[in-house]
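Colleague: okay, sequence plus prediction incoming.
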Amino acid sequence: MEFTMSQETRFDIVLDRRHSHSDKWSKYPADVLPMWVADMDFDAPECVKQALQERVQEGIFGYTHPPKTLVKAIQEHCSTHYQWTPHAAHFAHLPGLVCALHLCVRALTNEEDRVIVPSPVYYHLTKAPMMAERKLDQIPFVLKGNRWTVDLESLRESCAKADAKMILLCNPHNPGATVYQREELESIHAIAQQYDLLVVSDEIHCDLILTNATHIPFASLNEDAAQRTVTLMAPSKTFNLAGLAYAFAIISNPKLRQRFNKAREALIPAPNLLGLVAAEAAYRDGGTWHQELLTYLRGNLEYIQTSISGTKIKMAEHEATYLAWLDVSEYKLTDPHAFFVEAGVGISDGEGFGAPGFIRLNFGCPKSQLEEAMNRILTSLADKA
């Protein structure tokens with residue numbers, strides 16, 4: 001049954017972004033709906049806009065350090081949502097999560113080391129070790145029932161190699177939309193502990209859980225996990241603040257933190273001061289907006305699931321993120337990306353994540369835009385049924 005909102009919400013408002021220098025909206029011609037990059041088409045929380053306006057009115061934009069109140073807001077957010085309160089001294093503040101991934105590989109491994117990544121995955125998790133000229137093992141994600149999860153035997157086999165040094169996790173997983181269960185995380189930790197590997201856990205989508213799944217920070221499992229883990233988080237996906245350039249790492253191990261910060265200070269600038277302001281406002285006062293967002297995204301997800309029922313498009317259980325991972329391989333499309341762009345929908349090609357025959361569709365948008373995109377997709381496939 002088609003999902004309908006009981007009344008129009010703030011998320012139903014269609015905003016024109018084509019003249020805002022938006023990466024998302026400038027990639028394709030005007031007749032193509034951009035449904036690719038992880039950037040939502042929703043207005044920011046009022047608390048964020050107000051905080052930014054007040055800070056801009058001060059009129060001076062000099063060098064700025066992260067305030068203690070920001071760290072406190074993040075700590076309270078983590079405590080409320082994950083029953084985990086990272087120590088204030090364990091934070092490292094960054095202008096983005098992607099640079100943090102690359103920094104972790106370069107600062108915490110050596111050129112002869114091997115990095116292990118469950119895949120298909122967001123491409124910077126594989127790009128980081130490749131660009132740093134590390135050895136890379138891509139461990140397959142497999143379907144268990146109707147849920148994507150890592151193949152633990154393959155993981156163990158790679159971790160047992162003498163040169164294995166680091167596991168890069170993406171949890172919740174992008175693009176598979178999986179939230180690792182406690183038993184799965186504990187199994188991964190046991191392997192990492194047995195073979196003494198570091199774990200870098202990209203948890204940027206942790207606030208976008210759309211089912212009754214529970215996000216568990218890898219570092220919160222136990223003290224050993226905390227000491228071998230770098231946790232990467234940001235408000236950018238949750239509150240749609242990517243352009244304000246703020247993320248953070250949490251590193252409990254003092255030696256790892258020292259190596260990370262030494263490399264960071266030499267290579268990566270401080271976060272944008274407006275990013276600091278926006279992040280604090282979002283974590284402190286954005287709770288209601290966040291809950292309304294999740295409700296809306298659940299409705300959009302249900303619409304996709306209903307729309308593709310009866311088609312040859314396959315979709316596994318979707319636990320988190322606003323990025324639908326769709327298997328269109330049964331349609332035998334030579335180039336799925338080009339095919340759907342021709343149909344008027346700019347999706348992300350699964351090949352870029354390591355999974356030809358899949359597409360990733362961003363449903364973080366007004367329902368009317370999603371309806372139009374799905375109509376174009378299904379119409380384009382109608383004669384291939």
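Modeller: Sure thing, it's come through.

Colleague: buried stuff in stretch 118-127?
Modeller: Going by neighbour count (16 or more other C-beta atoms under 10 Å), the buried part of stretch 118-127 is Pro118, Ser119, Pro120, Val121, Tyr122, Tyr123, His124, Leu125, Thr126. Quick note: C-beta positions are derived from backbone N, CA and C, even for glycine.

Colleague: mind checking pLDDT for the fifth one?
Modeller: Model confidence at Tyr122, expressed as pLDDT, equals 97.

Colleague: I figured it hits Pro175, correct?
Modeller: Yes: if you go by C-beta atoms under 8 Å, Tyr122 and Pro175 touch, sitting 7.0 Å apart.

Colleague: point out where the stretch 251-385 of the chain drops to low pLDDT.
Modeller: Along the stretch 251-385 of the chain, the parts satisfying pLDDT under 70 run over 385.

Colleague: overlap in contacts, Tyr122 and Pro175.
Modeller: Phe353 (C-beta atoms under 8 Å, 6 or more residues apart in numbering).

Colleague: now the helices for the stretch 201-350 of the chain?
Modeller: 223-227, 236-239, 254-267, 273-285, 287-308, 336-342 (DSSP state H, counting those that start in this stretch).

Colleague: count of residues packed around Lys314?
Modeller: With neighbours defined by other C-beta atoms under 10 Å, the count for Lys314 comes to 15.

Colleague: same check on His337?
Modeller: For His337, using other C-beta under 10 Å, the count is 17.

Colleague: now do the contacts for it.
Modeller: Taking C-beta under 8 Å, 6+ apart, one finds Ile347, Ser348, Asp349, Glu351, Ile359 in contact with His337.

Colleague: measure the residue lying closest to the third one once chain neighbours are set aside to Ala38 for me?
Modeller: Using C-beta to C-beta, 6 or more residues apart in numbering and skipping the chain neighbours, the partner closest in space to Asp349 is His337 (3.7 Å). As defined by C-beta to C-beta, to the nearest Å, His337 lies at a distance of 16 Å from Ala38.

Colleague: can you check Arg156 too?
Modeller: From Arg156 to Ala38 the distance is 31 Å (C-beta to C-beta).

Colleague: tell me the one of the buried residues of stretch 118-127 nearest Ala263?
Modeller: His124 (17.1 Å; C-beta to C-beta).

Colleague: I figured the closest one hits Val98, correct?
Modeller: Yes: between His124 and Val98 there is a contact under C-beta under 8 Å: 5.0 Å.

Colleague: domains of the protein?
Modeller: 10-44+287-384, 50-285 (automatic domain parsing).

Colleague: what about His93, which SS state?
Modeller: Per DSSP: H, G, I helix; E, B strand; the rest coil, the secondary structure class of His93 is strand.

Colleague: what about it, neighbour count?
Modeller: Neighbour tally, His93, other C-beta under 10 Å: 18.

Colleague: please report how far the residue nearest to it when sequence neighbours are not counted lies from Leu273.
Modeller: Excluding the flanking residues, the one nearest His93 by C-beta to C-beta, 6+ apart is Pro66, at 4.6 Å. For Pro66, the distance to Leu273 equals 9 Å [C-beta to C-beta].

Colleague: same check, this time on Glu54
Modeller: 13 Å.

Colleague: these two - which one has more neighbours?
Modeller: Neighbours were counted for Glu54 and for Leu273 using other C-beta under 10 Å; Leu273 has more, 19 against 11.

Colleague: now do the strands in the chain.
Modeller: Counting by DSSP state E, one finds strands in the chain at the ranges 33-34, 91-94, 114-119, 135-144, 147-150, 164-170, 198-202, 229-233, 247-251, 323-327, 345-346, 348-349, 358-362.

Colleague: and of the ones you listed, who's closest to Ile60?
Modeller: The nearest among the strands of the chain, by C-beta to C-beta, is strand 91-94 at 20.2 Å.

Colleague: and that closest one, which strands flank it?
Modeller: strand 247-251 (antiparallel) (DSSP bridges).

Colleague: now do the partner strand against helix 273-285, angle only.
Modeller: 70 degrees (axes from the mean of the first three to the mean of the last three C-alpha atoms, to 10 degrees).

Colleague: which residues touch Tyr195?
Modeller: Taking C-beta under 8 Å, 6+ apart as the test, what Tyr195 contacts is Cys159, Ala160, Ala164.

Colleague: just those now: which is nearest Thr295?
Modeller: Cys159 (39.6 Å).

Colleague: need the contact list for that closest one.
Modeller: Cys159 touches Ile116, Ile167, Ile191, Ala192, Gln194, Tyr195, Leu197, counting by C-beta under 8 Å, 6+ apart.

Colleague: I'd guessed the fourth one sits against Leu168; true?
Modeller: No: in terms of C-beta under 8 Å, Ala192 does not count as a neighbour of Leu168; the distance is 11.6 Å.

Colleague: show me what counts as buried in stretch 377-385.
Modeller: Quick answer for stretch 377-385 (16+ other C-beta under 10 Å): Ile377, Leu378, Ser380, Leu381.

Colleague: quick one: residues contacting the third one.
Modeller: Neighbour list for Ser380: Phe339, Phe340, Glu342, Ala343 [criterion: C-beta under 8 Å, 6+ apart].

Colleague: these into CSV, with extra columns for distance to Ala225 and neighbour count?
Modeller: Converted to CSV, these look like this (distance: C-beta to C-beta, whole Å; neighbours: other C-beta atoms under 10 Å):
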residue, distance to Ala225, neighbour count
Phe339, 43, 19
Phe340, 40, 25
Glu342, 47, 12
Ala343, 45, 19
